[in-house]
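S.K.: what's the 3D shape of this:
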Amino acid sequence: MSAVVGLSYEDGVARIVLRRPERGNALDEPTAAALRAAVGEAAALPGLRAVLLRGKGPRFCVGGDVRAFAAQGDGTEAYIGRVVDDLHAAIRALTAMPAPTVAAVQGSAAGAGLSLALACDVVVAAESARFAFAYPALGFTPDGGASWSLPRQVGERRALDIALLNRPVPAPEAVHIGLVTRCVPDDRLDAEADALVAALGAGPTSALVRTRALVRGSVDRDLDNHLDAERAELLASVRSADGRAGLAAFGSGAPAVFTGFLRGCPGLQVSAIRGGE
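M.R.: Okay, the predicted model is just below:
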């Protein structure tokens, strides 16, 4: 069990919670290692249907723990390298998660916190939330895939505005430019995030994951190759249990009930894994 990152699992939904509110959920070496472990553990859960990433307290994640970095003296570079290795492993696992992912952002998402939000499929933000690149303030370049994902979300010109000028982006603007999926009143953030993971968790998980792969892969393919990829994934979904359930439900007029399991699991697993929030 980790004191700084919680993982809980119930009804097919994994909830990963950064739990260093006194430090803005900043990533020092133990926190980055715990995040890597929690995301990896979530990805291996049987019957996983959706993942929610949260930060405890008033801020989502302010990025790297600069105080911890500065305290390392001559070992700063090696220390930051270890933090980055764990962060990047967590980012890779999030983007390859065998279920849709949702980030619920309150307060600040800066630096590595921005990268974590960008790695998720859906981002819901409190209206008072702000998103910042943050690295220029330290004279650093980005990590966590921020320089890869940001231009894909908002376009190169806006990405450079945010990255070079280090201009915080308020949640309403973040929605407008495509950085965030939606923003809601602060007191509705938890309810909206829970509703999103419930809706995704009730969906055809394997088809949703295949759709995510198609959307993300489209930027690296020409149309001809992408049409081939779409055909292959569609036929794979037709063969799946969810595809058969959807067709049967359409024929009968009854609502479709999707089991969603990519690993052929027999049913939803309901269990508490590690302290959640």
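
S.K.: CA atoms for contacts and neighbours, from now on please.
M.R.: Noted.

S.K.: Tell me who's in contact with the most centrally placed residue in the chain.
M.R.: Nearest to the geometric centre of the chain sits residue 120, at 2.5 Å (CA atoms, centre = their mean). Contact analysis of residue 120 by CA atoms under 8 Å, 6 or more residues apart in numbering lists 94, 95, 100, 101, 102, 103.

S.K.: Distance of it relative to residue 50?
M.R.: 11 Å (CA to CA, to the nearest Å).

S.K.: Now the common contact residues for these two.
M.R.: Residues touching both residue 120 and residue 50 by CA under 8 Å, 6+ apart: 100, 101, 102.

S.K.: Write the ChimeraX selection for whichever of the residues you listed are buried.
M.R.: Of those, the buried ones can be selected in ChimeraX as follows, counting by 16 or more other CA atoms under 10 Å:
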select :100,101,102
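
S.K.: how about the shared contacts of residue 120 and residue 50 in JSON lines, adding distance to residue 182?
M.R.: JSON lines is the format used below for these (distance: CA to CA, whole Å):
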{"residue": "100", "distance to residue 182": "16"}
{"residue": "101", "distance to residue 182": "15"}
{"residue": "102", "distance to residue 182": "11"}
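
S.K.: Tell me the one of the shared contacts of residue 120 and residue 50 nearest residue 14?
M.R.: residue 101 (9.4 Å; CA to CA).

S.K.: got the contact list for the residue nearest to the closest one when sequence neighbours are not counted?
M.R.: Closest residue to residue 101 apart from its sequence neighbours, by CA to CA, 6 or more residues apart in numbering: residue 51 at 4.7 Å. Neighbour list for residue 51: 13, 14, 15, 16, 42, 99, 100, 101, 102, 197 [criterion: CA under 8 Å, 6+ apart].
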